[in-house]
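**Q** sequence first, then the predicted structure:
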Amino acid sequence: MLSETVAETAAPAGSRFQLRFEAGPQAASFAEDVRRGLTAAPKVLQPKYFYDALGSRLFEAISELPEYYLTRAEAEIFRDHAGEIAGALDGRLRVIELGSGDAQKTRLLLEAVIARQGELDYLPIDISRSAIEQSGDRLLLAYPELRVTAYVAEYQAALRSLCGEPLPPGVHRTLVLFLGSTIGNLDPQERAELLRDVRALLRPGDGLLLGTDLKKEEAVLLAAYDDALGVTAAFNLNLLLRINRELGGEIDLATFRHRARYDRERGRIEMHLESRREQLVPLSGLGLEVGFAAGETIHTESSYKFDRDQIADLAARTGFDLRRTWTDSGRRFGSHLLVAR
Ligand code: AVJ
């Protein structure tokens, strides 16, 4: 680890809230990743950079859109089955969440676990400090039985740090939550690597609850990533705003447009930022000028869609068994319980 700090916070229940920062040894900076991504062919930026303060709020707004069914479908699963999910592993649980964001739908699961065991250690990991602080405050106010140890970190760095720590007294099992189809952002190889990192933290019988979007009709998928109100377009274009603000860019946002397409073969939605014309984009802060042809794009996100067989196969290759899959009534989304072998 390059650095680890435990921050003082103004949380209302200070003693029940700890905030930790983990900088992985391999973590490149935003500046380095933008330089590398925009000088590559084809051009690419990593979706983790969507989530600055504004981007995190835009994603929350996306969750409210009629076309973006993922969040609602997963919440429906938790409303209908949280008790079953919380009871699927035996023993007292602690809950670790990867990419907790605002942790809204997680509440349904936390409540079900608290109902079973009376109290709970909850360890959210997220790269957005603002999202994790806000949600931590709100959770502690709502649940006096909760202790929160929040990690502002990339998953890998936090998982590795957690590996070295003993289980708190009275806790027998770890349940890791990776919800919202965030795993869909990872390419097949990265996806397996992350699951192996999770597996390394777990003991046989521990669980990973994995939320994934399911394969479906292309028109439905495309609408979810190209909504009529243009919120997803704003979410995507916000990356350019962030480059302007943090890296001294002078990108004219009006010269780019949001694009979503479905790659059926790979089973993934792709989001791109497309240059409307040929141009030279000044990134003075980086001492760089980036040339774009008309219609050239920056690939900003892949969002993979899955079927159950793929999840069973992924589980088998990473040291888990797929014990059970819950779906919403429209069979749009899947919550898969993987149990460590
Ligand atoms: C948060 C990664 C699950 O891929 O659906 C929403 C992000 N991108 N609209 C997704 C997103 C465009 C979202 N995940």
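**A** Okay, I see it. Numbering: from 1, shown residues only.

**Q** okay, and for this structure, where does confidence drop off?
**A** 1-14, 25-27 (pLDDT under 70).

**Q** from it, which residue is nearest to the ligand?
**A** Per CB to the nearest ligand atom, residue 303 is where the chain lies closest to the ligand, at 3.4 Å. (C-beta placed from N, C-alpha, C; glycine too.)

**Q** give me the beta-bridge partners of that residue?
**A** For residue 303, the beta-bridge partners are residue 269 (DSSP bridges).

**Q** tell me how far it lies from residue 22.
**A** Distance, residue 303 to residue 22, by CB to CB, to the nearest Å: 26 Å.

**Q** how about residue 60?
**A** When residue 60 is compared with residue 22 (using CB to CB), they lie 24 Å apart.

**Q** likewise for residue 246?
**A** Residue 246 sits 21 Å away from residue 22, taking CB to CB as the criterion.

**Q** again, but for residue 118
**A** 30 Å.

**Q** which one's more surrounded, those two?
**A** More crowded of residue 118 and residue 22, by other CB atoms under 10 Å: residue 22, with 23 against 9.

**Q** which helices and strands sit right next to the host helix or strand of that one?
**A** Take DSSP states H and E as the rule and residue 22 turns out to sit in strand 17-23. Judged by 3 or more CB pairs under 8 Å, 6 or more residues apart in numbering; DSSP states H and E, strand 17-23 is in contact with strand 3-7, helix 129-142, strand 146-153, helix 155-163.

**Q** need those in JSON lines with mean neighbour count and distance to residue 71, can you?
**A** Shown next, in JSON lines, are the helices and strands packed on strand 17-23 (neighbours: other CB atoms under 10 Å; distance: least, CB to CB, whole Å):
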{"stretch": "strand 3-7", "mean neighbour count": "11", "distance to residue 71": "29"}
{"stretch": "helix 129-142", "mean neighbour count": "19", "distance to residue 71": "14"}
{"stretch": "strand 146-153", "mean neighbour count": "23", "distance to residue 71": "21"}
{"stretch": "helix 155-163", "mean neighbour count": "20", "distance to residue 71": "20"}
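
**Q** redo those as JSON lines? Include distance to residue 220.
**A** Below are those laid out as JSON lines (distance: least, CB to CB, whole Å):
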{"stretch": "strand 3-7", "distance to residue 220": "42"}
{"stretch": "helix 129-142", "distance to residue 220": "28"}
{"stretch": "strand 146-153", "distance to residue 220": "34"}
{"stretch": "helix 155-163", "distance to residue 220": "29"}
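
**Q** tell me which of the ones you listed lies nearest to residue 112.
**A** Judged by CB to CB, the one of the helices and strands packed on strand 17-23 that comes nearest to residue 112 is strand 146-153, at 12.9 Å.

**Q** and that closest one, what does it pack onto?
**A** Strand 146-153 packs on strand 17-23, strand 120-126, helix 129-142, helix 155-163, going by 3+ CB pairs under 8 Å, 6+ apart.

**Q** got JSON lines for those, with distance to residue 105 too?
**A** Converted to JSON lines, these look like this (distance: least, CB to CB, whole Å):
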{"stretch": "strand 17-23", "distance to residue 105": "21"}
{"stretch": "strand 120-126", "distance to residue 105": "13"}
{"stretch": "helix 129-142", "distance to residue 105": "11"}
{"stretch": "helix 155-163", "distance to residue 105": "19"}
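
**Q** let's have the ones you listed in a markdown table, adding distance to the ligand.
**A** What follows is these, written out as a markdown table (distance: least, CB to the nearest ligand atom, whole Å):
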| stretch | distance to the ligand |
| --- | --- |
| strand 17-23 | 21 |
| strand 120-126 | 12 |
| helix 129-142 | 12 |
| helix 155-163 | 13 |
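
**Q** go through these and name the closest to residue 69.
**A** Ranking the helices and strands packed on strand 146-153 by proximity to residue 69 (CB to CB) places helix 129-142 first, at 21.7 Å.

**Q** list of residues touching stretch 72-79?
**A** For stretch 72-79, contacts defined as CB atoms under 8 Å, 6 or more residues apart in numbering pick out 63, 85, 104-105, 108-109, 179-181, 211, 326-330, 332-333, 335.

**Q** report the contact partners of residue 48.
**A** Neighbouring residues of residue 48 by CB under 8 Å, 6+ apart: 127, 154, 185.

**Q** and residue 330, how many neighbours?
**A** 13.

**Q** go on, residue 82?
**A** Residue 82: 21 surrounding residues under other CB under 10 Å.

**Q** how about residue 172?
**A** Counted with other CB under 10 Å, residues neighbouring residue 172 total 14.

**Q** show me what counts as buried in the strand holding residue 22.
**A** For strand 17-23, burial by neighbour count (16 or more other CB atoms under 10 Å) applies to 17, 18, 19, 20, 21, 22.

**Q** who are the packing partners of the following helix or strand past that strand?
**A** For strand 17-23, the following helix or strand on the C-terminal side (DSSP H and E) is helix 30-38. Secondary-structure packing of helix 30-38 (3+ CB pairs under 8 Å, 6+ apart): helix 231-247, strand 288-292.

**Q** what sits up against the longest one?
**A** This points to helix 231-247. Here helix 231-247 has contacts from 30-31, 34, 45, 49-50, 52, 54-55, 58-59, 61-62, 65, 68, 225-226, 249-251, 253, 256-258, 260, 271, 273, 283, 285-286, 300-301, using CB under 8 Å, 6+ apart.
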